[in-house]
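>>> what would the 3D arrangement of this be:
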Amino acid sequence: MMQILKSNPGRRLKKHAVLAMVLLAIALTGCTTALPRAPGQAAATYIADVDIRYHGFQRTYLVHLPPGYDGKQPLPMVIVLHGAFGNAKLVERFSGFSQLADEKQFIAIYPNGIGYLGLFQHWNAGHCCGTAQEDNIDDVGFLAAVIKDASGRLAVDQRHIFMVGFSNGGMLAYRFAAERGEMLAAFAPLAASAGGRTDENSPEWGIPRPVKPLPVIAFHGLVDEHVPFEGGTNPAKKSGREYWSVMRSLGVWIERDGCAETPIERDERQGKVHVQDWKNCTDHDEVVLYTLEGWPHKWPSPYYSNERDPQDPLHGFDAARIIWDFFEQMP
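Here you go, the predicted model:
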């Protein structure tokens, strides 16, 4: 075997690439403190890595508690889902939700999808993605188990549990909200679609009629090549995978929430951000869409938006703050 590897530069490079990915996985995972079954006072913010078993799989999620958490006063909880090939630690870093949790006093939860060595993790959103979809992993059940597990360990305000997801994670947020919406107060998909199909030979899959109306706020970039705003095939990978358009995805919720057909519209940030707001919905629900001109398939947060020229209208754009303001105003 060693002789074969030495005589084949391609194999040797592949071996080095695997080693590099392992080291990257370790760096991204980092060290975490085990969360006790019933934590007492938290003198400062910390992150804990919690192992739970679901359907025979060992699954994990990260917890971020704000300073001053004492285990007595129930706090709102936000579940944040990473995208394909991501992980909990990475989305915790670039979403900005942990910093916001410290400021606004809520609990942030970051579940991990199914993957390899902390990388290549995916969610089964019905129509996407990776081995999680291929193996029909019950990620809706896993997220329900995460909510129950976290609620058993922590002081969680059961009336204010929210879900946010990016890309493949946003697709799962669409699915979870439709199938298990009774566990949520509102949700927010970013750069995501509620349906589609793996390729032209596969049947189309879409979220079912939601079990209950829910407020939803969505974000999408107009130059997103991975999940196109208008739907259709993925031009970035040319794999034949197809997605529903943003409007078709949100249309399921506009209808279910009983909203007015015509949204209230406004522009922000020198016209680079278009906001459509469907109001007059059942039970004070609301559907809001933020469309970002010139924005690619990235989480719209300072982690990425600060890379832009300070004169760029999207410099400093922070979706997490807008999402939390939306969540906070929900009854």
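
>>> what distance separates the start and the end of stretch 102-111?
19 Å (C-alpha to C-alpha, to the nearest Å).

>>> care to break the protein down by domain?
Residue ranges of the domains in the chain are recorded as 1-30, 36-328, according to automatic domain parsing.

>>> what sits against Phe327?
For Phe327, the contact set (C-beta atoms under 8 Å, 6 or more residues apart in numbering) comprises Pro76, Val78, His160, Phe162, Ala185, Ala186, Ala188. (Each C-beta comes from the backbone N, C-alpha and C, glycine too.)

>>> if we can go back for a sec, out of the domains of the chain, which is the most enclosed?
Comparing these by mean neighbour count (mean count of other C-beta atoms under 10 Å), domain 36-328 comes out on top with a mean of 19.

>>> tell me the average confidence for the strand ranked longest in the chain?
With DSSP state E applied, the strand covering the greatest number of residues in the chain is identified as strand 156-166. Averaged across strand 156-166, pLDDT comes to 97.

>>> what helices or strands is the helix or strand that that strand is followed by leaning on?
Sequence-wise, the next helix or strand downstream of strand 156-166 (DSSP states H and E) is helix 168-180. Under the contact criterion of 3 or more C-beta pairs under 8 Å, 6 or more residues apart in numbering; DSSP states H and E, the helices and strands touching helix 168-180 comprise strand 75-81, helix 139-153, strand 156-166, strand 186-190.

>>> dump those into JSON lines; add distance to Thr282 as well.
Below are those laid out as JSON lines (distance: least, C-beta to C-beta, whole Å):
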{"stretch": "strand 75-81", "distance to Thr282": "23"}
{"stretch": "helix 139-153", "distance to Thr282": "24"}
{"stretch": "strand 156-166", "distance to Thr282": "18"}
{"stretch": "strand 186-190", "distance to Thr282": "14"}
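
>>> closest to Gly196 out of those?
Nearest to Gly196, of all these, is strand 186-190, at 13.5 Å by C-beta to C-beta.

>>> which parts of this protein are helices?
Using DSSP state H, the helices of the chain run over 2-7, 9-29, 88-95, 97-104, 130-134, 139-153, 168-180, 246-256, 302-305, 319-328.

>>> hang on, the earlier thing: and the domains of the chain, which one averages the lowest pLDDT?
domain 1-30 (a mean of 37).

>>> was I right about Glu204 contacting Arg197?
Yes - look at Glu204 against Arg197 with C-beta atoms under 8 Å: they come within range, at 4.7 Å.

>>> how close does the residue minimising distance to the centre of the chain sit to Ala260?
To find the centre residue of the chain, average its C-alpha atoms and take the closest one (C-alpha atoms, centre = their mean): that gives Gly165, at 1.6 Å. Summarising the geometry, the distance separating Gly165 from Ala260, computed by C-beta to C-beta, to the nearest Å, is 26 Å.

>>> cool, and Pro76?
Between Pro76 and Ala260 the distance is 28 Å, computed by C-beta to C-beta.

>>> now Gly240. Nearest residue, chain neighbours left out?
Of all residues not flanking Gly240 in the chain, Asp199 sits nearest, at 3.8 Å (C-beta to C-beta, 6 or more residues apart in numbering).
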